[in-house]
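Undergrad: pasting the structure only:
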Ligand SMILES: Nc1nc2c(ncn2[C@@H]2O[C@H](COP(=O)(O)OP(=O)(O)OP(=O)(O)O)[C@@H](O)[C@H]2O)c(=O)[nH]1
Ligand SMILES: [Mg+2]
């Protein structure tokens, strides 16, 4: 396996000399992608990338053959087969494109309805193996315990290929959607950018991006840069960002802790997940503020809304209604206003 990309000629020559199958970086990533891909769209994107690669190779083969034969006029059976192969591949690519366009429309509709629901979206992004799925599972365990459908979390590259969205239900009206994404990579081969990109589209709709970093890796700065570059490429660089330095339990770093927009945690520690949730809530819904209001006895529904959105501190029954003292996240205040 070569860590750089090989030309068709190079790969063929190396295979001949080693008498072994030779893979370059793109081949390897594609094989991992293919093994892991779950959704129809992801599988199609990968198949399309594989076919395009195969087509390029065939075109390379064609040149090779022509040169070897030195301008032989009658086309051999081999060359005819080659033309047929190319045509079949092109037809299949066209089919895939059509199917992808259909799936894209479906996703757009789903996304639109998600936006209308006005529940904020938080996206987990970051280098592969940083711990995104572990953070997601931590949230699910903490806030969604009963039917938590946990996300695949494994110590291997690209454990998650498809984006998966879950509702994180918290008290006081602070629910949000959390989306797990496929891990980012350094120098993603250009043939794969599109396949990769399609799995990251949800990030563009996020109110807040949690950029998860494995802080125990010596070269974590390279990972941060690779992720930031990708976020720029998908037009997500301007979204509010929290950098989550994860796996601090493997380092000397004190956790949980926060400095400006950097949070230090271990995703394996439920207390740290709580701490991170607090930071996320502050980003999404603002800080806690204390308020007082009088609710007339006739307006029961208003009291109900208040109870679901605010922490009630004190109630006092008076002649014309209940005087309520409560705490609420600043940006949720509009949800309890009259009328
Ligand atoms: N010690 C320690 N291990 C962690 C922590 N967070 C994640 N891990 C481990 O790191 C490995 C990768 O975690 P994942 O959550 O699958 O990583 P990911 O970012 O989702 O990876 P991809 O889906 O491949 O992009 C798993 O073996 C986790 O158990 C942490 O805070 N501390
Ligand atoms: Mg994952």
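TA: Thanks, I have it. Since the model is a prediction, treat every value here as computed from it, not as a measurement. Ligands and ions are numbered 1, 2, ... in the order given.
Undergrad: The helix or strand where residue 225 lies near ligand 1 anywhere?
TA: For residue 225, the element it lies in under DSSP states H and E is helix 220-233. No: using Cβ under 6 Å from any ligand atom, we find that helix 220-233 stays clear of ligand 1, coming within 10.4 Å at best. For the C-beta atoms, the positions are set from N, CA and C on the backbone; glycine is no exception.
Undergrad: what's in contact with the very next helix or strand once past that helix?
TA: Next along the chain after helix 220-233, taking DSSP H and E as the criterion, comes strand 240-246. For strand 240-246, the external contacting residues (Cβ atoms under 8 Å, 6 or more residues apart in numbering) are 126, 130-131, 134-135, 207-215, 224, 253, 261-267, 276, 279-280, 283.
Undergrad: From the residues you listed, which land in helices?
TA: 134-135, 224, 276, 279-280, 283 (DSSP state H).
Undergrad: how would you label residue 101: helix, strand or coil?
TA: helix (DSSP: H, G, I helix; E, B strand; the rest coil).
Undergrad: Can you give me the neighbour number for it?
TA: 9 (other Cβ atoms under 10 Å).
Undergrad: Likewise for residue 302?
TA: When neighbours are counted by other Cβ under 10 Å, residue 302 registers 18.
Undergrad: any idea how far it lies from residue 181?
TA: Per Cβ to Cβ, to the nearest Å, residue 302 is found 40 Å from residue 181.
Undergrad: what's the answer for residue 254, then?
TA: Residue 254 is 28 Å from residue 181, by Cβ to Cβ.
Undergrad: Who has more neighbours out of the two?
TA: Using other Cβ under 10 Å, the more surrounded residue of residue 254 and residue 181 is residue 181, with 26 against 8.
Undergrad: Now do the more buried one against residue 172, distance only.
TA: Taken as Cβ to Cβ, the span from residue 181 to residue 172 is 27 Å.
Undergrad: Check residue 108 too.
TA: In terms of Cβ to Cβ, residue 108 sits 32 Å off from residue 172.
Undergrad: Point out where the protein drops to low pLDDT.
TA: 38, 60-75, 114-117, 145-152, 154-163, 198-199, 338-339 (pLDDT under 70).
Undergrad: how about the strands in it?
TA: According to DSSP state E, the chain carries its strands in the segments 121-126, 164-168, 176-180, 208-214, 240-246, 257-259, 262-264, 288-295, 311-318, 321-329.
Undergrad: With distance to ligand 1 as extra columns, can I get the ones you listed in CSV?
TA: Below are these laid out as CSV (distance: least, Cβ to the nearest ligand atom, whole Å):
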stretch, distance to ligand 1
strand 121-126, 6
strand 164-168, 10
strand 176-180, 7
strand 208-214, 6
strand 240-246, 5
strand 257-259, 14
strand 262-264, 10
strand 288-295, 28
strand 311-318, 30
strand 321-329, 27
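Undergrad: Looking at those, which is nearest to ligand 2?
TA: Shortest distance between ligand 2 and these, using Cβ to the ion, is found for strand 176-180: 5.9 Å.
Undergrad: same for that closest one, what does it pack against?
TA: Counting contacts by 3 or more Cβ pairs under 8 Å, 6 or more residues apart in numbering; DSSP states H and E, the secondary-structure elements packed against strand 176-180 are strand 121-126, helix 132-143, strand 164-168.
Undergrad: Check which residues of the last one are buried.
TA: Of the residues in strand 164-168, those buried under the neighbour-count criterion (16 or more other Cβ atoms under 10 Å) are 164, 166, 168.
Undergrad: again, but for stretch 220-240
TA: Buried residues in stretch 220-240 (16+ other Cβ under 10 Å): 220, 223-224, 226-228, 230-231, 236, 239.
Undergrad: For ligand 1, what is the nearest residue in the stretch 151-300 of the chain?
TA: residue 183 (2.3 Å; Cβ to the nearest ligand atom).
Undergrad: What values do phi and psi take at that residue?
TA: Dihedral pair for residue 183: phi -70, psi 140, per degrees, to the nearest 10.
Undergrad: Skip the chain neighbours and tell me the closest residue to it.
TA: The shortest distance from residue 183 to any non-neighbouring residue, by Cβ to Cβ, 6 or more residues apart in numbering, is to residue 128 (2.6 Å).
Undergrad: wouldn't that neighbour be in contact with residue 181 here?
TA: No: here residue 128 lies out of contact with residue 181, judged by Cβ atoms under 8 Å, at a distance of 10.4 Å.
Undergrad: which outside residues touch the helix holding residue 225?
TA: Helix 220-233 is contacted from outside by 125-127, 130, 184-188, 193, 197, 200, 203, 209, 211, 213-214, 217, 237, 239, 243, using Cβ under 8 Å, 6+ apart.
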